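Participant: This is the structure alone, sequence omitted:
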């Protein structure tokens, strides 16, 4: 099966969680919206599909079109051998991924607390208040939670001995937060050593290493979810 | 199977989306955190479970503990005959439910744009700016999307001729928004007549009718997700 991923071509964003799974598995895929005319094609699909996605990313897999990052990973997981076998284990994995979804939304809202329709410059004091609380309460709570999950599983990965797609997502969370809020992250990640250990294990995987060094990997930037605005970091 | 739902006892909140499915199906369940000592038990489970929920609601189903509203419904759907048969159809249904999740988070953030840790009173101008954008852009976009989905399915329900759990959630969205922002909703819901028609069909279902009139149904209030602050409505 050759997959087609549709996502905004200039950013890692939510698409990156899917890319990491495809890359780690060495799957055959096309980053379709980055091809010439790709964005127009993506927009046309959002209009034209019988079952239209609300927003990118979405995956075309044969006749299926699947939107929502966590749902895409739920679908891909078993097919890419990045998910466990039983229904119970897959639900647990999915539940963790949905918690990543929640965390990513809050990470996004650090720079857009009043809604994505505002310019960052038009809500800067609000972004500062949001981020202060995010750094004091939310990020430590989420990362602490995932640290506990890894501890309870026996580690070294979130579900135990075998890597699954949630570990790739934890890698991306650490990468993104380090890029966006490096000073604060130094403090915060010290309280979640098991999550950092997962990050390091993922970074060392051959396919991920190759991907991170490849030109096709989009760099973090200030259009994405994780943005580096030094005035928000502390 | 007797299910146990764990959720904050004073509010409809995210738990209500699960309750509506259980009630419509006439399932046997206990609203466990509303029993004496229930909240302590809920908190203890969040600490003690081998696979701990990040937050309520969560469902105990035999040995399984499932958190995340959309994941709970994904699990319950086929068991309560509120989901279609094929993997493709169930993924589509789940994708729609995840879009409801996103919408619910934004509806919550109308009164808590800077984070749930702030008092409403400490971020009132921010709530007003958030809500203005929510009413002008976001709510019409989401409801318009679901209207299109119903239209494309052939209706009268989101997936076509048969009701599924997403229809119960659309009912709850309309109920909640009407409670919270009645003036604005009058305008907004006029643009999403198919969603309103789903709401009305759900409201007329015998088990839902009984539930809505029963003392066990918690009233909307200003601790929940949908809060009526007249100064935000326009």
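Facilitator: Alright, I've got the coordinates. What you are looking at is a predicted structure, and each value in this text was computed from that prediction instead of being measured.
Participant: Check which element follows the lengthiest helix in chain A along the chain.
Facilitator: As assigned by DSSP state H, the longest helix anywhere in chain A is helix A:87-109. Counting by DSSP states H and E, the next helix or strand C-terminal to helix A:87-109 is helix A:124-133.
Participant: returning to that earlier point: what helices or strands is the longest helix of chain A leaning on?
Facilitator: Applying 3 or more C-beta pairs under 8 Å, 6 or more residues apart in numbering or on different chains; DSSP states H and E, we find helix A:87-109 packed against helix A:69-79, helix A:139-153, helix A:165-180, strand B:64-67, helix B:69-79, helix B:87-109. All C-beta atoms are positioned from the backbone trio N, CA, C, and that covers glycine.
Participant: and the gap between the nearest residue to residue A:229 once chain neighbours are set aside and residue A:123?
Facilitator: Nearest residue to residue A:229, sequence neighbours excluded (C-beta to C-beta, 6 or more residues apart in numbering or on different chains): residue A:111, at 6.2 Å. Separation of residue A:111 from residue A:123 (C-beta to C-beta, to the nearest Å): 9 Å.
Participant: who's more crowded, these two?
Facilitator: Neighbour tally, residue A:111 and residue A:123, criterion other C-beta atoms under 10 Å in any protein chain shown: the higher count belongs to residue A:111, 24 against 21.
Participant: Low-confidence regions, chain A specifically.
Facilitator: Filtered on pLDDT under 70, chain A yields no residues whatsoever.
Participant: One more pass at 90, please.
Facilitator: A:234 (pLDDT under 90).
Participant: Which residues belonging to the longest helix of chain A are considered buried?
Facilitator: For helix A:87-109, the neighbour count (16 or more other C-beta atoms under 10 Å in any protein chain shown) marks A:88, A:90-109 as buried.
Participant: And stretch A:42-55, by the same measure?
Facilitator: Buried, per 16+ other C-beta under 10 Å, within stretch A:42-55: A:42, A:45-46, A:51-54.
Participant: Can you add distance to residue B:144 and give those residues back as CSV?
Facilitator: Below are the buried residues of stretch A:42-55 laid out as CSV (distance: C-beta to C-beta, whole Å):
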residue, distance to residue B:144
A:42, 19
A:45, 18
A:46, 13
A:51, 16
A:52, 11
A:53, 14
A:54, 10
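Participant: For residue A:218, state which of those residues is nearest.
Facilitator: For the buried residues of stretch A:42-55, the minimum distance to residue A:218 (C-beta to C-beta) is 15.7 Å, reached by residue A:42.
Participant: Out of the helices and strands packed on helix A:87-109, flag the one nearest residue B:165.
Facilitator: Residue B:165 lies closest to helix B:69-79 among the helices and strands packed on helix A:87-109, at 5.0 Å (C-beta to C-beta).
Participant: do that closest one and chain A meet at all?
Facilitator: Yes. Helix B:69-79 reaches chain A (C-beta under 8 Å from any C-beta of the partner chain) through B:70-71, B:74-75.
Participant: which other helices and strands contact that helix?
Facilitator: helix A:87-109, helix B:15-24, strand B:58-61, strand B:64-67, helix B:87-109, helix B:165-180.
Participant: So for residue A:127, which of those sits nearest?
Facilitator: Closest among these, once you apply C-beta to C-beta, is helix A:87-109, at 8.7 Å.
Participant: quick revisit: list the ones among the buried residues of stretch A:42-55 that fall in helices.
Facilitator: Reading helices off the buried residues of stretch A:42-55 with DSSP H, I get A:42, A:45-46.
Participant: Surely residue A:33 and residue A:4 touch.
Facilitator: No. Taking contacts as C-beta atoms under 8 Å, residue A:33 lies outside contact range of residue A:4: 9.1 Å.
Participant: Settle it for me: which of those two has more neighbours?
Facilitator: Remark: of residue A:33 and residue A:4, residue A:33 carries more neighbours, 24 against 19, as counted by other C-beta under 10 Å.
Participant: and the gap between the closest residue to the more buried one other than its chain neighbours and residue B:171?
Facilitator: Using C-beta to C-beta, 6+ apart and skipping the chain neighbours, the partner closest in space to residue A:33 is residue A:42 (4.5 Å). Using C-beta to C-beta, one obtains 32 Å as the distance from residue A:42 to residue B:171.
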